[in-house]
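Q: Dropping the sequence and predicted coords here.
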Amino acid sequence: MDVETELLQFIKSRRSSKLLERGVVELDKVLKAVEAATYAANAHNAQPWRFIVVTDEAVKQQLVKEMALEWRQDLLSDGLPHEKINMIISSAAERTLRASVLIIACLTMENMHIYRDDRRNRYEYIMAVQSVAAALQNLLLALHAQGLGACWRCSALFAPNAVKRVLGIPGDVEPQALVEVGLLGGVRPARRKPLREVCFINRWGNEV
Ligand SMILES: Cc1cc2nc3c(=O)[nH]c(=O)nc-3n(C[C@H](O)[C@H](O)[C@H](O)COP(=O)(O)O)c2cc1C
(Lines give C-alpha, C1' and ligand atoms only; values in the text may rest on other atoms or scores of the structure.)
Protein backbone atom coordinates (compact mmCIF):
# COMPACT_ATOMS: atom_id res chain seq x y z
CA MET A 1 0.00 0.00 0.00
CA ASP A 2 1.39 3.47 -0.83
CA VAL A 3 1.81 6.11 1.87
CA GLU A 4 -1.21 8.16 0.81
CA THR A 5 -3.55 5.18 0.86
CA GLU A 6 -2.09 4.05 4.17
CA LEU A 7 -2.61 7.48 5.73
CA LEU A 8 -6.20 7.69 4.51
CA GLN A 9 -6.88 4.20 5.86
CA PHE A 10 -5.26 5.17 9.15
CA ILE A 11 -7.46 8.26 9.55
CA LYS A 12 -10.53 6.16 8.86
CA SER A 13 -9.48 3.41 11.25
CA ARG A 14 -9.52 5.61 14.37
CA ARG A 15 -12.47 4.84 16.63
CA SER A 16 -13.55 6.03 20.05
CA SER A 17 -12.77 3.59 22.82
CA LYS A 18 -15.97 3.91 24.80
CA LEU A 19 -15.04 1.37 27.44
CA LEU A 20 -11.29 1.27 27.93
CA GLU A 21 -9.55 -1.81 29.24
CA ARG A 22 -7.90 -1.15 32.56
CA GLY A 23 -4.13 -0.82 32.41
CA VAL A 24 -1.36 1.72 32.52
CA VAL A 25 -0.20 3.62 29.47
CA GLU A 26 3.20 5.26 29.24
CA LEU A 27 3.15 8.97 29.97
CA ASP A 28 5.77 9.45 27.29
CA LYS A 29 3.35 8.24 24.61
CA VAL A 30 0.62 10.52 25.90
CA LEU A 31 2.93 13.53 25.86
CA LYS A 32 4.01 12.71 22.30
CA ALA A 33 0.34 12.76 21.34
CA VAL A 34 -0.22 16.08 23.11
CA GLU A 35 2.75 17.51 21.24
CA ALA A 36 1.23 16.30 17.96
CA ALA A 37 -2.01 18.00 19.02
CA THR A 38 -0.17 21.31 19.20
CA TYR A 39 0.71 21.04 15.50
CA ALA A 40 -2.93 21.46 14.49
CA ALA A 41 -4.04 24.30 12.27
CA ASN A 42 -5.21 27.16 14.48
CA ALA A 43 -6.46 30.71 14.21
CA HIS A 44 -3.71 33.38 14.00
CA ASN A 45 -1.33 30.67 15.21
CA ALA A 46 -2.56 31.82 18.63
CA GLN A 47 -2.47 28.21 19.83
CA PRO A 48 -5.45 28.85 22.08
CA TRP A 49 -5.26 25.40 23.68
CA ARG A 50 -3.96 24.29 27.03
CA PHE A 51 -3.81 20.69 28.17
CA ILE A 52 -3.75 19.21 31.62
CA VAL A 53 -2.58 15.61 31.69
CA VAL A 54 -3.93 13.92 34.79
CA THR A 55 -2.07 10.78 35.85
CA ASP A 56 -2.52 10.89 39.62
CA GLU A 57 -5.19 8.47 40.82
CA ALA A 58 -6.32 10.72 43.68
CA VAL A 59 -6.70 13.72 41.36
CA LYS A 60 -8.66 11.60 38.86
CA GLN A 61 -10.99 10.44 41.63
CA GLN A 62 -11.50 13.97 42.91
CA LEU A 63 -12.11 15.30 39.43
CA VAL A 64 -14.71 12.66 38.62
CA LYS A 65 -16.41 13.13 41.99
CA GLU A 66 -16.68 16.90 41.68
CA MET A 67 -17.75 16.83 38.03
CA ALA A 68 -20.51 14.42 39.05
CA LEU A 69 -21.78 16.86 41.70
CA GLU A 70 -22.04 19.63 39.11
CA TRP A 71 -23.66 17.30 36.56
CA ARG A 72 -26.13 16.09 39.19
CA GLN A 73 -27.54 19.62 39.48
CA ASP A 74 -28.31 19.65 35.75
CA LEU A 75 -29.93 16.24 35.86
CA LEU A 76 -32.00 17.27 38.88
CA SER A 77 -33.16 20.38 37.05
CA ASP A 78 -34.15 18.11 34.14
CA GLY A 79 -36.49 16.42 36.62
CA LEU A 80 -34.89 12.98 36.46
CA PRO A 81 -35.54 10.67 39.41
CA HIS A 82 -32.69 10.21 41.92
CA GLU A 83 -32.18 6.51 41.13
CA LYS A 84 -31.83 7.24 37.42
CA ILE A 85 -29.40 10.10 38.14
CA ASN A 86 -27.32 7.85 40.40
CA MET A 87 -27.19 5.20 37.69
CA ILE A 88 -26.17 7.62 34.91
CA ILE A 89 -23.53 9.31 37.05
CA SER A 90 -22.01 6.19 38.52
CA SER A 91 -21.69 4.41 35.18
CA ALA A 92 -20.05 7.48 33.60
CA ALA A 93 -17.68 7.78 36.57
CA GLU A 94 -16.79 4.11 36.36
CA ARG A 95 -16.03 4.48 32.64
CA THR A 96 -13.86 7.54 33.14
CA LEU A 97 -11.91 5.95 35.98
CA ARG A 98 -10.93 3.04 33.74
CA ALA A 99 -8.66 5.48 31.90
CA SER A 100 -4.99 5.41 32.72
CA VAL A 101 -4.67 9.10 31.91
CA LEU A 102 -7.18 11.90 31.55
CA ILE A 103 -6.43 14.87 29.34
CA ILE A 104 -8.40 18.03 29.92
CA ALA A 105 -8.30 20.29 26.88
CA CYS A 106 -8.89 23.94 27.65
CA LEU A 107 -9.35 27.13 25.67
CA THR A 108 -7.66 30.46 26.28
CA MET A 109 -8.43 33.69 24.46
CA GLU A 110 -5.03 35.05 25.53
CA ASN A 111 -3.59 35.57 22.05
CA MET A 112 -6.81 35.91 20.11
CA HIS A 113 -7.89 39.24 18.64
CA ILE A 114 -10.17 41.64 20.45
CA TYR A 115 -12.64 43.74 18.44
CA ARG A 116 -14.86 46.69 19.33
CA ASP A 117 -18.03 44.74 18.52
CA ASP A 118 -19.59 41.60 19.97
CA ARG A 119 -20.22 40.08 16.56
CA ARG A 120 -16.55 39.79 15.65
CA ASN A 121 -15.56 38.87 19.20
CA ARG A 122 -18.00 35.97 18.91
CA TYR A 123 -16.32 34.85 15.68
CA GLU A 124 -12.94 35.03 17.40
CA TYR A 125 -14.28 32.83 20.16
CA ILE A 126 -15.62 30.35 17.62
CA MET A 127 -12.20 30.31 15.93
CA ALA A 128 -10.61 29.47 19.27
CA VAL A 129 -13.10 26.64 19.81
CA GLN A 130 -12.41 25.39 16.28
CA SER A 131 -8.67 25.48 16.95
CA VAL A 132 -9.00 23.46 20.15
CA ALA A 133 -11.17 20.95 18.30
CA ALA A 134 -8.56 20.65 15.54
CA ALA A 135 -5.93 19.94 18.20
CA LEU A 136 -8.17 17.34 19.77
CA GLN A 137 -8.56 15.49 16.49
CA ASN A 138 -4.77 15.47 16.11
CA LEU A 139 -4.53 14.20 19.67
CA LEU A 140 -6.90 11.30 18.98
CA LEU A 141 -5.05 10.37 15.81
CA ALA A 142 -1.67 10.52 17.54
CA LEU A 143 -2.91 8.29 20.36
CA HIS A 144 -4.34 5.92 17.77
CA ALA A 145 -1.00 5.89 15.92
CA GLN A 146 0.60 4.58 19.11
CA GLY A 147 -2.03 1.87 19.55
CA LEU A 148 -3.76 3.56 22.48
CA GLY A 149 -7.48 3.80 23.08
CA ALA A 150 -9.12 7.17 23.66
CA CYS A 151 -12.53 8.75 23.94
CA TRP A 152 -13.41 12.43 23.76
CA ARG A 153 -16.05 13.25 26.38
CA CYS A 154 -17.97 16.48 26.88
CA SER A 155 -18.12 16.03 30.68
CA ALA A 156 -15.47 18.70 31.30
CA LEU A 157 -17.37 21.20 29.16
CA PHE A 158 -20.56 20.63 31.14
CA ALA A 159 -18.90 20.82 34.57
CA PRO A 160 -16.39 23.66 34.13
CA ASN A 161 -16.47 24.90 37.72
CA ALA A 162 -15.56 21.52 39.16
CA VAL A 163 -12.79 20.99 36.61
CA LYS A 164 -11.31 24.42 37.25
CA ARG A 165 -11.46 24.05 41.00
CA VAL A 166 -9.89 20.60 41.14
CA LEU A 167 -7.15 21.31 38.61
CA GLY A 168 -6.40 24.91 39.59
CA ILE A 169 -7.26 26.28 36.15
CA PRO A 170 -7.23 30.11 35.94
CA GLY A 171 -10.56 31.93 35.70
CA ASP A 172 -10.23 32.97 32.05
CA VAL A 173 -9.29 29.49 30.80
CA GLU A 174 -12.23 27.27 29.80
CA PRO A 175 -12.33 23.48 29.98
CA GLN A 176 -13.57 22.20 26.61
CA ALA A 177 -13.21 18.44 26.69
CA LEU A 178 -12.01 15.48 28.66
CA VAL A 179 -10.14 12.75 26.81
CA GLU A 180 -9.93 9.35 28.43
CA VAL A 181 -6.75 7.54 27.42
CA GLY A 182 -6.00 3.90 28.07
CA LEU A 183 -5.90 0.47 26.56
CA LEU A 184 -8.21 -0.05 23.58
CA GLY A 185 -11.66 -1.30 24.48
CA GLY A 186 -15.32 -0.77 23.71
CA VAL A 187 -14.66 0.11 20.09
CA ARG A 188 -17.68 0.12 17.82
CA PRO A 189 -17.65 -0.15 14.04
CA ALA A 190 -17.57 3.14 12.15
CA ARG A 191 -20.96 4.56 11.22
CA ARG A 192 -20.74 7.34 8.69
CA LYS A 193 -23.20 8.98 6.36
CA PRO A 194 -22.34 8.40 2.70
CA LEU A 195 -20.28 11.17 1.14
CA ARG A 196 -23.17 12.18 -1.17
CA GLU A 197 -25.24 13.18 1.89
CA VAL A 198 -22.65 15.49 3.40
CA CYS A 199 -20.63 16.81 0.48
CA PHE A 200 -21.90 18.66 -2.55
CA ILE A 201 -20.20 19.79 -5.72
CA ASN A 202 -20.36 23.50 -6.57
CA ARG A 203 -23.80 24.03 -5.02
CA TRP A 204 -25.79 22.69 -2.08
CA GLY A 205 -27.70 19.63 -3.21
CA ASN A 206 -25.48 18.82 -6.22
CA GLU A 207 -24.45 15.25 -5.54
CA VAL A 208 -20.86 14.06 -5.65
C1 LIG B 1 -17.36 17.43 20.66
C2 LIG B 1 -17.44 15.95 20.96
C3 LIG B 1 -18.02 15.55 22.15
C4 LIG B 1 -18.09 14.19 22.45
N5 LIG B 1 -18.61 13.82 23.66
C6 LIG B 1 -18.74 12.51 23.95
C7 LIG B 1 -19.25 12.12 25.20
O8 LIG B 1 -19.56 12.95 26.06
N9 LIG B 1 -19.40 10.79 25.44
C10 LIG B 1 -19.05 9.85 24.52
O11 LIG B 1 -19.21 8.66 24.77
N12 LIG B 1 -18.50 10.20 23.32
C13 LIG B 1 -18.34 11.50 23.02
N14 LIG B 1 -17.77 11.88 21.84
C15 LIG B 1 -17.30 10.84 20.90
C16 LIG B 1 -18.35 10.59 19.83
O17 LIG B 1 -19.45 9.89 20.38
C18 LIG B 1 -17.72 9.78 18.68
O19 LIG B 1 -16.62 10.47 18.16
C20 LIG B 1 -18.75 9.55 17.56
O21 LIG B 1 -19.79 8.73 18.00
C22 LIG B 1 -18.12 8.90 16.34
O23 LIG B 1 -17.50 7.68 16.71
P24 LIG B 1 -15.95 7.41 16.42
O25 LIG B 1 -15.16 8.42 17.20
O26 LIG B 1 -15.69 6.01 16.90
O27 LIG B 1 -15.74 7.57 14.96
C28 LIG B 1 -17.62 13.22 21.52
C29 LIG B 1 -17.02 13.65 20.35
C30 LIG B 1 -16.91 15.00 20.07
C31 LIG B 1 -16.21 15.44 18.81
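A: Sure, I can see it.
Q: Arg175 reaches Val163, doesn't it?
A: Heads up, residue 175 is Pro, not Arg. Yes. Using CB atoms under 8 Å, Pro175 is in contact with Val163, at 4.2 Å. (C-beta placed from N, C-alpha, C; glycine too.)
Q: Give the residues shared as contacts by those two.
A: Contact criterion CB atoms under 8 Å, 6 or more residues apart in numbering; residues shared by Pro175 and Val163: 104, 156, 169.
Q: can you tell me which of these are in helices?
A: Ala156 (DSSP state H).
Q: Pick out whichever of the shared contacts of Pro175 and Val163 sits closest to the ligand.
A: Of all these, the ligand sits closest to Ala156, with 9.3 Å by CB to the nearest ligand atom.
Q: Which residue, neighbours along the chain excluded, lies closest to Arg165?
A: Glu66 (6.6 Å; CB to CB, 6 or more residues apart in numbering).
Q: so does the helix or strand where the one you found lies get close to the ligand?
A: Glu66 is part of helix 57-77, with elements assigned from DSSP states H and E. No. On the criterion CB under 6 Å from any ligand atom, helix 57-77 is out of touch with the ligand, staying 10.9 Å away.
Q: other SSEs contacting that helix?
A: Helix 57-77 sits against helix 82-97, helix 155-158, helix 160-167, with contacts defined as 3 or more CB pairs under 8 Å, 6 or more residues apart in numbering; DSSP states H and E.
Q: so it versus helix 160-167, what angle?
A: 160 degrees (axes from the mean of the first three to the mean of the last three CA atoms, to 10 degrees).
Q: Show me how far helix 57-77 is from its chain's centre.
A: 17 Å (CA atoms, centre = their mean, to the nearest Å).
Q: so how far does stretch 110-119 reach from one end to the other?
A: End-to-end distance of stretch 110-119 (CA to CA, to the nearest Å): 18 Å.
Q: just to revisit the earlier point, who touches the helix holding Glu66?
A: 54, 84-85, 88-89, 92-93, 96-97, 99, 102, 155-156, 158-159, 161-163, 165-167.
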